[in-house]
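S.K.: this is a predicted model, with the sequence first.
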Amino acid sequence: MERGTPVAEPETRPKVDRKARLKMPAQVMPKQDPQVRIHNWDEVYLPLDLEAAKAEATRCIQCPAAPCTEACPVGNDIAAALWLLENGDVLGAARKFRETSNLPEMCGRLCPQELQCEGACVIGKNAKPVAIGRLEVFVNDYLRKEVGYQVPELPPSTGKRVAVVGAGPAGLAVAEELALKGHSITVFDAWPQPGGLLLYGIPNFKMAKEPLHQKLDYLRKLGIEFICNAYIGKEVTVDDLLKGSPWGKFDAVFLGHGAGVGVELRVPGEDLPGIFTAMDYLVRGNLAPELLPESMREPLPAARSVSVIGGGDTAMDCVRTAVRLGAETVTCVYRRTEAEMPGRADERVHAHEENIQFHFLAAPLEFFAGEDGRVARMKCQRMELGEPDESGRRRPVPIPGSEFIIGTDMVLKALGFGVDRAVAWSASGLGTERWGGIVIDRETGATSRPGIFAGGDAVNGADLVVTAMRDARIAAKGIHQYLMGEAAGA
């Protein structure tokens, strides 16, 4: 993380008048008007001004138990950061977040705060919780723009080399932590540019790319090398990285390649032209062709009526991208009700504001082509909710004889993502779950193979940026101990 000057600990702060603070009104988080933003790719939320940010931070009642910190996967000291902010120490607040987080400017934009820190906020029991996510964005954007990432003095080189597979949230975090320990880090990624999910999976209207590019520049200044268009698991295996590869021999490997394999529907007509996976559509719709593999540079066809299958954050990214690409009608087809939809409530609110149509309790059965050979119609079946499944949500049950047709000239499959098994298979004897996830020791990130560590979506399945970063920080400690001979069995 950016180490900056030491942060003054706010432990000596005076007691606050909690009753008075509970009566303070929540600040309005400014957003672009929906009818304006559907014509641009800028972030939905507009920047806060300093006085509004300080006023919102002052709503924090400085709970001794700090349930917000307990609910944060990386344990951010949120109360301390907000105390610094309310007293005008914006840089100190930013650095407080950076003590426990490698990507606070991104987590503030992308975390489901309503299920984590804000969901645990005591004020939220009777009023709107403190807008912790937006304040995290404010202070870290301020640091980024006003002083930049300060490169610390690095320790002497340990002479140890670590290969990091995957340049997404987990890979970037583990690379930073290990570089700051004096290790030589090389990050490999199959995409043409580093960033992983943060570059290729997140539309600009959720997170502008400037914070990521600035972070990557900082990581390069730490001496981290990025090698892209390098699919570890094909021509070069994980075993090769440990034994001797075109880039030399590495002393340890971290597998943070994520979960980027789209789930298929497995229904007739799924391979018709005009039907795309969510990833294929999002990267081609949101990024310039030169950032994409040559096989994905063909422009997307125009579409008037777009149907998106699925109900999570990726589905919301797809429907909102389709609107910005000029679709006249965009419909989200989901087999449960809105109450069971996974992902951020905030994103669903934004989709509703942008006039996305929702067709709940419906699932596709078959796709049909029009005269031009492209998808033109989708047969669906109505569903009802039965008993809860393993996720705790009520299971969708088909209603016999309830089939109906939806006209559409483009379909996007946003059904979730699985782990790319080729990477793990290229490491002989590596333990994996039945569904492909890599088995690790949760205390160290170590796998069944000495010298190989893993974390993030490659272990958990498709999950959050913050949980990937949490795993990476744990693994970085485990790798450092292994490299320095401090771990058991090293």
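M.R.: Great, that's in hand.

S.K.: hey, C-alpha coordinates of the longest helix belonging to the chain in PDB?
M.R.: Criterion DSSP state H: the longest helix present in the chain is helix 465-483. Only the C-alpha atoms of helix 465-483 are listed here, as PDB (Å, rounded to 0.1, in the frame of the first residue of the first chain):
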ATOM      1  CA  VAL A 465     -12.800  -7.500  -5.000                       C
ATOM      2  CA  VAL A 466     -12.300  -7.000  -1.300                       C
ATOM      3  CA  THR A 467     -12.400 -10.800  -0.500                       C
ATOM      4  CA  ALA A 468      -9.800 -11.300  -3.300                       C
ATOM      5  CA  MET A 469      -7.600  -8.600  -1.700                       C
ATOM      6  CA  ARG A 470      -8.100 -10.100   1.700                       C
ATOM      7  CA  ASP A 471      -6.900 -13.500   0.500                       C
ATOM      8  CA  ALA A 472      -3.900 -11.900  -1.200                       C
ATOM      9  CA  ARG A 473      -2.800 -10.100   1.900                       C
ATOM     10  CA  ILE A 474      -2.900 -13.400   3.900                       C
ATOM     11  CA  ALA A 475      -1.100 -15.200   1.100                       C
ATOM     12  CA  ALA A 476       1.600 -12.500   0.900                       C
ATOM     13  CA  LYS A 477       2.500 -13.200   4.600                       C
ATOM     14  CA  GLY A 478       2.500 -16.900   3.900                       C
ATOM     15  CA  ILE A 479       4.700 -16.500   0.900                       C
ATOM     16  CA  HIS A 480       7.200 -14.200   2.700                       C
ATOM     17  CA  GLN A 481       7.500 -16.700   5.500                       C
ATOM     18  CA  TYR A 482       8.000 -19.500   3.100                       C
ATOM     19  CA  LEU A 483      10.700 -17.600   1.100                       C
END
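
S.K.: against which helices or strands is it packed?
M.R.: If you count contacts as 3 or more Cβ pairs under 8 Å, 6 or more residues apart in numbering; DSSP states H and E, helix 465-483 packs onto helix 104-110, helix 169-179, strand 252-255, strand 452-454, helix 457-460. Every C-beta, even on glycine, is put in place using the N, C-alpha and C of the backbone.

S.K.: next, format these as CSV and append mean neighbour count.
M.R.: Output for the helices and strands packed on helix 465-483, formatted as CSV (neighbours: other Cβ atoms under 10 Å):
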stretch, mean neighbour count
helix 104-110, 26
helix 169-179, 29
strand 252-255, 28
strand 452-454, 30
helix 457-460, 27
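
S.K.: which helix or which strand is home to Glu366?
M.R.: strand 362-369 (DSSP states H and E).

S.K.: same check, this time on Phe97
M.R.: Here Phe97, judged by DSSP H and E, is contained in helix 90-98.

S.K.: let me see the mean pLDDT of that helix.
M.R.: Across helix 90-98, pLDDT averages out at 97.

S.K.: for that helix, packing partners?
M.R.: Against helix 90-98 (3+ Cβ pairs under 8 Å, 6+ apart) you get helix 50-57, helix 78-86, helix 104-110, helix 132-146.

S.K.: out of these, nearest to Leu154?
M.R.: Closest approach to Leu154 among the helices and strands packed on helix 90-98 (Cβ to Cβ): helix 132-146, 20.3 Å.

S.K.: list of residues touching the closest one?
M.R.: For helix 132-146, the surrounding residues in contact (Cβ atoms under 8 Å, 6 or more residues apart in numbering) are 2, 4, 29, 45, 47-48, 53, 56-57, 68, 76, 78, 81-82, 85, 90-91, 93-95, 97-98, 104-105, 107-109, 111, 113, 117-118, 121, 211, 214.

S.K.: next, the angle helix 50-57 makes with the helix holding Phe97.
M.R.: Helix 90-98 runs at 50 degrees relative to helix 50-57, counting by axes from the mean of the first three to the mean of the last three Cα atoms, to 10 degrees.

S.K.: quick one: helix 90-98 to chain centroid distance?
M.R.: Offset of helix 90-98 from its chain centre (Cα atoms, centre = their mean, to the nearest Å): 22 Å.

S.K.: which residue is nearest the centroid of this structure?
M.R.: In the chain, the C-alpha nearest the mean C-alpha coordinate belongs to Val465, at 3.6 Å (Cα atoms, centre = their mean).

S.K.: does that residue touch Ser101 like I think?
M.R.: No - the criterion here is Cβ atoms under 8 Å, and Val465 misses it with Ser101 at 10.2 Å.

S.K.: what touches both of these two?
M.R.: Joint contacts of Val465 and Ser101 (Cβ under 8 Å, 6+ apart) are Cys107.

S.K.: mind showing which ranges of the protein have poor pLDDT?
M.R.: For the chain, the stretches with pLDDT under 70 are 1-14, 487-490.

S.K.: go again using 80 as the cut-off
M.R.: Low-confidence segments of the chain, defined by pLDDT under 80: 1-14, 391, 487-490.

S.K.: show me it divided up by domain.
M.R.: Following automatic domain parsing, one finds the domains of the chain at 10-146, 161-260+418-483, 264-415.

S.K.: put together CSV for those domains, with distance to Glu153 on each row.
M.R.: Converted to CSV, the domains of the chain look like this (distance: least, Cβ to Cβ, whole Å):
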stretch, distance to Glu153
domain 10-146, 17
domain 161-260+418-483, 10
domain 264-415, 34
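
S.K.: buried deepest among those, which one?
M.R.: Most buried of the domains of the chain by mean neighbour count (mean count of other Cβ atoms under 10 Å) is domain 161-260+418-483; its value is a mean of 21.

S.K.: and the end-to-end length of it?
M.R.: 9 Å (Cα to Cα, to the nearest Å).

S.K.: same deal with stretch 292-300?
M.R.: Counting by Cα to Cα: the opening and closing residues of stretch 292-300 are 13 Å apart.

S.K.: with Tyr281 as the reference, measure out to Ile406.
M.R.: Distance of Ile406 to Tyr281, given as Cβ to Cβ, to the nearest Å: 18 Å.

S.K.: same check, this time on Gln62
M.R.: 45 Å.
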